[in-house]
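Task: produce atomic coordinates for the following.
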Amino acid sequence: MIRLLRPLCRGTTYTRLLHLWVPMLVVSVWMFIDETTMWVPAVVLVPIGFIPAVRTGEGVQARLLLTPGLEDSAFSVAPSANRRDRLRTVAWLELRMLLGALTTGVCVWLPVLTIELVRHALGHRVDDIPFLRDTAPHWAYLLLTPFPLLALYGSVVGLGVLATAGARALLGPSAAERLSALEERTEQLLERTRIARELHDSIGHALTVAVVQAGAARTANSAEFTDRALTAIEETGRAALEDLERVLGVLREAERPASSRPTLTDSVRLLESARASGAKVDAECTGPLEAVPGPVSREGYRILQEALTNVLRHAGAVPTLVHVRVSDGVVTLEVRNPLPDDRAAPGRGSGLRGIRERAALLGGRAHTGPDGAGDWQVRVELPLG
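Purely as a prediction, here's the structure:
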């Protein structure tokens, strides 16, 4: 019994009732104009439903009154984008008015019936209710008074549930909106993966440079070299902090522009950092780097950063050839370095896997491994399209 009466304690029951009453305000005003043409408001709703912004207003009302307190994505708040959305909006407006008329009727006549039953039981003649008009007053009619109230309760709750179901069906997102939501969700998941890669590449590069510099300074036993090493560690650490701030900014601000992240045009600092660590880096850049699209340029920067980090981590201060070429709609990144015989070949960590994943995400391809001439090669091709 308590479970059946639980909707009486829910605010949703009353907000849904209010939602169904709102259209009746227009109808009540029209009654004062001409009560013989009550069909006019329903006809007027047809052209109103074709206004794109009306769908937004109905979606907002449905969220606030039909499912208050819930972030209900089942109700679209976007304007009508096509004819189908407009027709669905018209159908919803007509259904809402119909349900509103039914709700108003039960909310008026069922309480009136209850009052008339009480009056009839107390000995008063009732002429407005057909089945009471020809019967004599009797106290037994008090036993019938709970039934109209129960019918009122069930009607209010049931019509509210029906209105919510109708709103979900007619105000729900269109196929295009569902696809957009799916793409947004996919983009969020890709963004999380990208953030993890950003942290790995940036912080991993900085720590590798710091470790290599500190080890070289300890073995060099030279105050001048130690000073250069400390300067390189400081500059690399400062650049890593800037990258960390950019990545964390993405987490703090969902709308932060992607253009704030480094691109291939900023790769000079990567080369200088590698040179400061003792590597003999010979770099060659051909083609218009500034014309490379943002996503390709940003991922290319991270690929180059990871490749140089692998050189320092696994090969040390060795001669390294870096070639960046933009031509024929493709960005080619190549990093080549000799691999000493006494060092294990890299490739078991997540860095090289991240390079291949970044390339695949952009529709490109990556080759990492020995080239047969004693060199380790990282070669990535990224399409500009």
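
Below-threshold pLDDT in the stretch 101-250 of the chain: ranges please.
The stretch 101-250 of the chain contains residues with pLDDT under 70 at 175-176, 179-184, 186-188, 190-191, 194, 198, 246-250.

just checking, Trp376 touches Ala315?
Yes. Contact status for Trp376 versus Ala315: in contact at 6.8 Å, counting by C-beta atoms under 8 Å. (Glycine included, C-beta is placed from N, CA and C.)

So for the two, which sits in the more crowded spot?
Trp376 (25 against 20; other C-beta atoms under 10 Å).

Which residue, other than its chain neighbours, is closest to the more buried one?
Leu339 (4.3 Å; C-beta to C-beta, 6 or more residues apart in numbering).

neighbours around the one you found, how many?
Look at Leu339: counted by other C-beta under 10 Å, it has 21 neighbours.

Isn't it up against Asp371?
No. When contacts are counted by C-beta under 8 Å, Leu339 is not listed as touching Asp371 (9.5 Å).

Following the chain onward from the helix or strand hosting Asn310, which element is next?
Here Asn310 sits within helix 294-310, counting by DSSP states H and E. Using DSSP H and E, the next helix or strand after helix 294-310 towards the C-terminus is strand 319-327.

between that next one and helix 294-310, how many degrees?
Here strand 319-327 runs at an angle of 170 degrees relative to helix 294-310 (axes from the mean of the first three to the mean of the last three C-alpha atoms, to 10 degrees).

quick one: buried residues of strand 319-327?
Under the neighbour-count criterion of 16 or more other C-beta atoms under 10 Å, strand 319-327 has 320-322, 324-326 buried.

Let's have the residues you listed in CSV, adding distance to Val60.
Shown next, in CSV, are the buried residues of strand 319-327 (distance: C-beta to C-beta, whole Å):
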residue, distance to Val60
Thr320, 59
Leu321, 60
Val322, 55
Val324, 51
Arg325, 53
Val326, 48
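
Could you single out the nearest of the residues you listed to Leu271?
Val322 (6.7 Å; C-beta to C-beta).

Report the beta-bridge partner residues of that closest one.
With DSSP bridges applied, Val322 shows beta-bridge pairing to Ala283, Val335.

can you tell me which residues contact it?
271, 281-284, 304, 308, 334-335 (C-beta atoms under 8 Å, 6 or more residues apart in numbering).

and what of Ala216?
Here Ala216 is in contact with 225, 229, 277-278, 317 (criterion: C-beta under 8 Å, 6+ apart).

Going by secondary structure, Leu189 is in what exactly?
Going by DSSP H and E, Leu189 is in helix 175-220.

Check the closest residue in space to Thr286 that isn't next to it in sequence and give its pLDDT.
Distances taken as C-beta to C-beta, 6+ apart put Arg325 closest to Thr286, at 4.8 Å, once the chain neighbours are dropped. pLDDT, Arg325: 92.

Distance-wise, check Arg325 relative to Thr208.
Computed as C-beta to C-beta, to the nearest Å, the Arg325 to Thr208 distance reads 26 Å.

Start from the N-terminal end of the stretch 51-200 of the chain and give the helices.
Secondary structure of the stretch 51-200 of the chain (DSSP state H, counting those that start in this stretch): helices at 52-61, 83-121, 130-133, 146-170, 175-220.

okay if I get those as CSV plus distance to Ala366?
CSV is the format used below for the helices of the stretch 51-200 of the chain (distance: least, C-beta to C-beta, whole Å):
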stretch, distance to Ala366
helix 52-61, 45
helix 83-121, 44
helix 130-133, 85
helix 146-170, 46
helix 175-220, 14
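
Need the residues that contact stretch 65-81.
Contacts for stretch 65-81 (C-beta under 8 Å, 6+ apart): 11-12, 15-16, 18-19, 50-56, 59-60, 62-63, 86, 89, 160, 163-164, 167-168, 171-174, 176-177, 181.

What's the local residue count around Gln213?
Count around Gln213 with other C-beta under 10 Å applied: 26.

Now for the nearest residue to it once chain neighbours are set aside, how many residues are close by?
Excluding its sequence neighbours, the residue lying closest to Gln213 (C-beta to C-beta, 6+ apart) is Ala229, at 4.1 Å. A total of 24 residues lie near Ala229 under the criterion other C-beta under 10 Å.

Assumed Ala229 was part of a helix.
Yes. Counting by DSSP: H, G, I helix; E, B strand; the rest coil, Ala229 falls inside a helix.

check contacts around Tyr301.
Shown in contact with Tyr301 (C-beta under 8 Å, 6+ apart): 261-264, 266-267, 270.

if you look at the residues you listed, which of them are in helices?
Using DSSP state H, the members of these that fall within helices are Leu270.

List only buried entries from the contacts of Tyr301.
261-264, 267, 270.

which one of the residues you listed is nearest Leu25?
Distance to Leu25, by C-beta to C-beta, is smallest for Arg261 among these, at 52.9 Å.
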